[in-house]
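>>> Predicted structure and sequence below. I'll ask about it afterward.
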Amino acid sequence: MGTLIKNGTIVTALDEYRGDVRLAGGKIVELGPMLEANGDTIVDASGQYVFPGGLDPHVHMELPFMGTVSADDFETGTAAGLAGGTTSIIDFVIPARNEDLMEALAAWHDKAAKSASDYAFHMAVTWWGDQTAEWMRRCVQEEGIPSFKTFMAYRGAIGVDDPELIHIMNTARELGALTTVHAEHGDMVVDLQDRLMAEGRNTPKDHALSRPAPLEGEATSRAIMLARMTKEPLYVVHVTCQQAAAAIIEARSRGQNVMGETCPQYLLLDDSVYDKPNFEGAAYVMSPPIRPRGHQEPLWAALASGALQVVATDHCPFNQVGQKDMGKDDFRKIPNGAAGIEHRLALMYTYGVLAGRLSLQQFVDVTSTRAAKIFGLYPQKGSITVGADADLVVWDPAATGKISASTHHHKCDRNIFEGFETKGAPSHVFSNGMLRYSGGNLMAERGAGRYLKRSL
Ligand SMILES: [Zn+2]
């Protein structure tokens, strides 16, 4: 006894067709026109789309960071994802400098066991020591983690320097793994932060001024050069600016395997958010920061042309009260990050598809399918094919919404898209064949999510 989704318009990264989908045992078991019910529960999807469940490959649930812990834990964060049509996440194991990577991984498994949706991990390589290469090998060959995160910012904490980055890229290449990078010139950030603070400039706006776009552009170019020399593929996380997008476009035009991700906040907001009074700009403090007007259109263009392939969220919420306010007198102490997992699909549908910037197929590709392919989860995730996991979103294109912290499922007292109108919303969300959201009711179950071992 399963579920039969009838009369929907099935949309994948390639196709769009009318048909029915049968789910049973957590899998998609049959596709076709006019399937018989056979005792299945029927979901009428007339006038609606059926999408593969969203995959957000960049989130940070209950991350210990900057003296506090991100506000959504694995249960509440994945539940918020389910409410918005995201049925899988990839979180980042982030060991402290000098911490054993495998011990950090065990700690992440403990935290993530309560996830309400399926989850996987990237491993951040935050330092280089005698055992690092062996730990990386175990990640790839034993733990199902074939992608590594590196930070060119946050030097002295979780950031790496160029020699360390070269070691990581060389090792990843030998293992057939993918290197991902947070690209900002960390040393220059520190110098600019110190100079601003010395001048008494300590506000959220100064956070943005301490991390200007050229620093991201330079680091992106440098990471691309190092990847080129080490012959390692590269995935640049949260691309925010024209300079970084241009570097990726140039590399791809030479045939180099460089990929890039951006996030809704970099596509839809500009740095005027930092001018909000009463420290409200702190809600938008993240790294890299929201960019000045003029950077958003090049990102949309790069997404439309395929130069950027993925839209993730970097979901990492901190409450204004009790967390962000730690940096009231010093922007360097404002925890970096914001919530986003719940509204990624609605924002990309409204401001991407309905605005004519992305086709429906591109929408599915950037929110689900491409990340599944890049990170080794396809076709289990990101596809509507027989045998794939029954992670599906029935999408009502007529639904309307208005984003607000007062109604969202994020465990956070602010929403950086407060007041944004959306069109289109999930009417039903299935995770492994189980109905987890419908008609405004969230039926997330603590611990229902499974760990996804990946391989490239
Ligand atoms: Zn991140």
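That came through, no problem. All of these numbers come straight from a predicted model, not from anything done at the bench.
>>> Asn170 versus Ala227, what's the distance?
11 Å (CB to CB, to the nearest Å). All C-beta spots, glycine's among them, are computed from the backbone N, C-alpha and C.
>>> Which of these two has more residues huddled nearby?
Ala227 (25 against 17; other CB atoms under 10 Å).
>>> Over to that one. Which of the three states is it?
Here Ala227 is recorded as helix under DSSP: H, G, I helix; E, B strand; the rest coil.
>>> What strands flank the least confident helix or strand in the chain by mean pLDDT, and is each parallel or antiparallel?
Least confident helix or strand of the chain, by mean pLDDT, DSSP states H and E, is strand 64-65 with a mean of 92. Using DSSP bridges, strand 64-65 pairs in its sheet with strand 68-69 (antiparallel).
>>> check contacts around the residue lying closest to Arg454 once chain neighbours are set aside.
Of all residues not flanking Arg454 in the chain, Gly376 sits nearest, at 3.8 Å (CB to CB, 6 or more residues apart in numbering). Residues in contact with Gly376 (CB atoms under 8 Å, 6 or more residues apart in numbering) are Pro146, Ser147, Arg454, Ser455, Leu456.
>>> hmm, 7 Å instead?
By CB atoms under 7 Å, 6 or more residues apart in numbering, Gly376 lies in contact with Pro146, Arg454, Ser455, Leu456.
>>> Same list, those residues, but as TSV with secondary structure, neighbour count and distance to Gly340 please.
Listed next are the contacts of Gly376 as TSV, based on DSSP: H, G, I helix; E, B strand; the rest coil; neighbours: other CB atoms under 10 Å; distance: CB to CB, whole Å:
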residue	secondary structure	neighbour count	distance to Gly340
Pro146	coil	23	25
Arg454	coil	21	23
Ser455	coil	13	28
Leu456	coil	14	26
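>>> Can I get these in TSV including pLDDT and distance to Gly387?
What follows is those, written out as TSV (pLDDT from 0 to 100; distance: CB to CB, whole Å):
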residue	pLDDT	distance to Gly387
Pro146	98	22
Arg454	98	17
Ser455	97	17
Leu456	95	20
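>>> farthest pair in the residues you listed?
Farthest-apart pair in the contacts of Gly376 is Arg454 and Leu456; separation 7.3 Å (CB to CB).
>>> Tell me where this structure has helices.
74-84, 101-112, 132-141, 162-175, 186-198, 204-209, 213-230, 242-253, 264-268, 296-305, 344-348, 360-364, 370-374 (DSSP state H).
>>> got the angle for the fifth one vs helix 213-230?
In this structure, helix 186-198 runs at an angle of 160 degrees to helix 213-230, with axes from the mean of the first three to the mean of the last three CA atoms, to 10 degrees as the basis.
>>> which strands and helices sit next to helix 186-198?
Of the remaining helices and strands, none touches helix 186-198 by 3 or more CB pairs under 7 Å, 6 or more residues apart in numbering; DSSP states H and E.
>>> If we go by neighbour counts, what in that helix is buried?
Gly186, Met188, Val189, Val190, Leu192, Gln193, Leu196, Met197 (16 or more other CB atoms under 10 Å).
>>> what's the spacing between the fourth one and Met152?
When you say that, I think you mean Val190. 12 Å.
>>> do the second one as well
In this structure, Met188 and Met152 are 11 Å apart, going by CB to CB.
>>> what comes up buried for stretch 253-260?
Gln256, Val258, Met259, Gly260.
>>> what residue ranges in the stretch 101-250 of the chain score low on pLDDT?
By pLDDT under 70, the stretch 101-250 of the chain has no low-scoring segment.
>>> 90 - rerun?
154-157 (pLDDT under 90).
>>> just the stretch 251-400 of the chain next, same as before
Looking at the stretch 251-400 of the chain by pLDDT under 90, you get an empty list.
>>> Please enumerate the strands of it.
258-262, 310-311, 392-402 (DSSP state E, counting those that start in this stretch).
>>> can I get those in TSV with distance to Lys27?
Formatted as TSV, the strands of the stretch 251-400 of the chain follow (distance: least, CB to CB, whole Å):
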stretch	distance to Lys27
strand 258-262	28
strand 310-311	25
strand 392-402	11
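>>> Pick the most deeply packed of those strands.
strand 310-311 (a mean of 29; mean count of other CB atoms under 10 Å).
>>> Sheet partners, orientation included, of it?
Counting by DSSP bridges, strand 310-311 is paired with strand 258-262 (parallel).
>>> any residues touching the partner strand, and which ones?
For strand 258-262, using CB under 7 Å, 6+ apart, the contacting residues are 58, 224, 227, 234-240, 248, 251-252, 299, 303, 307-312, 374.
>>> rewinding a little: so what sits against both of Arg454 and Leu456?
What both Arg454 and Leu456 touch, as defined by CB under 7 Å, 6+ apart, is the set Pro146, Gly376.
>>> For the helices of the chain, give me a markdown table that also has distance to Ile94.
Output for the helices of the chain, formatted as a markdown table (distance: least, CB to CB, whole Å):
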| stretch | distance to Ile94 |
| --- | --- |
| helix 74-84 | 14 |
| helix 101-112 | 7 |
| helix 132-141 | 13 |
| helix 162-175 | 14 |
| helix 186-198 | 16 |
| helix 204-209 | 21 |
| helix 213-230 | 18 |
| helix 242-253 | 22 |
| helix 264-268 | 21 |
| helix 296-305 | 26 |
| helix 344-348 | 22 |
| helix 360-364 | 30 |
| helix 370-374 | 19 |
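>>> Can you say which of these is nearest to Gly401?
helix 344-348 (6.4 Å).
>>> Please list all residues in contact with the closest residue to Val321 other than its chain neighbours.
Nearest residue to Val321 in three dimensions, chain neighbours excluded: Asp413, at 6.0 Å (CB to CB, 6+ apart). Residues in contact with Asp413, defined by CB under 7 Å, 6+ apart, are Asn319, Gln320, Val321, Ala405.
>>> Enumerate the positions of stretch 304-322 that are buried.
304, 307-320.
>>> how long is it end to end?
Terminal residues of stretch 304-322 are spaced 39 Å apart (CA to CA, to the nearest Å).
>>> what distance separates it from the middle of the whole chain?
5 Å (CA atoms, centre = their mean, to the nearest Å).
>>> same deal with stretch 76-91?
That offset, for stretch 76-91, works out to 10 Å (CA atoms, centre = their mean).
>>> quick one on the thing from earlier: nearest to Asp15 among the contacts of Asp413?
Ala405 (37.1 Å).
>>> how many other residues sit next to that closest one?
Ala405: 17 neighbours (other CB under 10 Å).
>>> Show the pLDDT at it.
Here the pLDDT value assigned to Ala405 is 98.
>>> Distance of it relative to Thr220?
Ala405 is 32 Å from Thr220, by CB to CB.
>>> Also His58?
Distance from His58 to Thr220, by CB to CB: 16 Å.
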